[in-house]
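> Build me a model:
(2 chains)
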Amino acid sequence: MYSVEFSYALHRRRDVPLIPIGLRTGGKWREVWAYADSGSFYTIFDAQVAEILNITVPEGQRMLAVVGDGSFIPIYLHTVGMRIGEDRFAMKIGFSSKLGVGFNLLGMDVFDRYRVIFDNRAKKVTFERYE
Amino acid sequence: MQNTNEWITNNFEALVAKYGGKYIGVVNDQVISSALSLREVLSEARRVGMEEEEVSLLKVPTEEELLCIL
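Prediction:
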């Protein structure tokens, strides 16, 4: 079973599960960091990430997502190549220019592929790919 | 990228203090570029001789954003 773990970042003694994600639409991979967010249904990246992947955001499937203050933001789903550790796969992720949080978000849709273990005592998050 | 990843994780608090609200590009233990625009970050990285695939890209949250999300 494939498994990869990432140490938490810390900010003012609080755990921040940030992990590097590989993304690509053509030949080149780009590594972009995202916050592993079990409270987010979709994986959503800033529209600027779409730009460097040569994705035209509004051409994707339009959805609405609820953000922290209860408002709705439009997100556009696109299929990209994704890499977590050495594991590579294709996935639909959302892009939005209205993502008003400080992070790109790795959401529950990725968790369908992995058993994700947040180990606060060991200060790490582990991704175990389901067989 | 392993060195880069460890460095980002270990220095996250300092990165927030210095670059909060910006994108940064990191290679090994160095921030090689920072800007509000991700394209600018990659452009600067190329200018200093880096391949885009070597650069780890982090959207650095502000202190306020961290308080909200946490």
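> So B:T4 versus A:A65, what's the distance?
Distance of B:T4 to A:A65, computed by Cβ to Cβ, to the nearest Å: 30 Å. C-betas here are computed from N, CA, C, even on glycine.
> same thing with A:S7?
28 Å.
> Tell me which residue in chain B sits closest to chain A.
Relative to chain A, the nearest point of chain B is B:P61 (2.4 Å; Cβ to the nearest Cβ).
> Would you map the strands across chain B?
Along chain B, the stretches classed as strands by DSSP state E are B:23-27, B:30-35, B:56-59.
> touching chain A at all, the first one?
Right, the one you point to is strand B:23-27. Yes: using Cβ under 8 Å from any Cβ of the partner chain, strand B:23-27 reaches chain A at B:Y23.
> residues in contact with A:V32?
A:P20, A:I21, A:L23, A:F45, A:V49, A:N104, B:L57, B:L58, B:K59 (Cβ atoms under 8 Å, 6 or more residues apart in numbering or on different chains).
> Excluding sequence neighbours, find me the nearest residue to it.
B:L57 (4.8 Å; Cβ to Cβ, 6 or more residues apart in numbering or on different chains).
> Might you report the residue contacts of that neighbour?
B:L57 touches A:R30, A:E31, A:V32, A:W33, A:V49, B:Y23, B:I24, B:G25, B:V26, B:L38, B:V41, B:L42, counting by Cβ under 8 Å, 6+ apart.
> Farthest pair within those residues?
Greatest spatial distance in the contacts of B:L57: A:V49 and B:V26, 15.7 Å, computed using Cβ to Cβ.
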